[in-house]
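> Below: sequence and its predicted model.
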Amino acid sequence: MEQSRQISIGGKTVGIIGLDEIFAEVKAAEVKGANALKQMIFEKVKARNYVPPQLEDLYREDLFDEYLVFTGQQKCRTRKTGVPEIRVYGPGCPRCEQLDRLVMEVIARQGLQVDYQYVKDIREMMKLGIMGTPALVINGNLAAVGRVPNCREVEEFLARAVE
């Protein structure tokens, strides 16, 4: 069974089936030129996943941005979706779960519009160079690592991200 990975497309989190395999295939093809790469990635994703017709251009751009991170050409996503990207990284330990709950509570209590994900994939953590967990990453910047910040700190982190 193919793996599904969640990524942000236009500020919304969507699951893409076989994304890492698609990226590996595209990288191996050694296609030159950004437009050719975007089109190849998009066609392979569309062959395995539903892509709403009105969002095809958005998918093309956001998938390409994710591909650049996958191949190490960028450290983190650069396309701005209009909403802050909040990520909690951790393998699922009690402290990681505690940070996940805390961040979700603050988001809900403040009614924030954000792109939030709890990432348990060790490979994703390694790509970002995260050496301790839990880790809180806001818009690609490490806000806290190796500890669970208190509620006030999380509120401050998120308030700055939304500004």
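Structure's in. What do you need? Bear in mind the structure is a predicted one, so any value in this text is a computation, not a measurement. Numbering: from 1, shown residues only.

> Go ahead and name everything in contact with the helix ranked longest in the chain.
As assigned by DSSP state H, the longest helix anywhere in the chain is helix 94-110. With contact meaning CB atoms under 8 Å, 6 or more residues apart in numbering, helix 94-110 is reached by 86, 88-90, 112, 114, 116, 118, 120, 133-134, 136, 147-149, 151, 154-155, 158-159. The way it works is simple: take the backbone N, C-alpha and C, and place the C-beta from them, glycine included.

> Can you flag which of those belong to helices?
Those of the contacts of helix 94-110 lying in helices (DSSP H): C151, V154, E155, L158, A159.

> Of these, grab the buried ones for PyMOL.
Here is the PyMOL command that selects the buried residues among the ones in helices among the contacts of helix 94-110 (16 or more other CB atoms under 10 Å):
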select buried, resi 154+158
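
> got the ones in helices among the contacts of helix 94-110 as a markdown table, with pLDDT and distance to C76 columns?
Output for the ones in helices among the contacts of helix 94-110, formatted as a markdown table (pLDDT from 0 to 100; distance: CB to CB, whole Å):
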| residue | pLDDT | distance to C76 |
| --- | --- | --- |
| C151 | 94 | 26 |
| V154 | 94 | 20 |
| E155 | 93 | 23 |
| L158 | 90 | 18 |
| A159 | 88 | 21 |
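
> Of the ones in helices among the contacts of helix 94-110, just say which sits nearest to F70.
Using CB to CB, L158 comes nearest to F70 of the ones in helices among the contacts of helix 94-110, at 27.2 Å.
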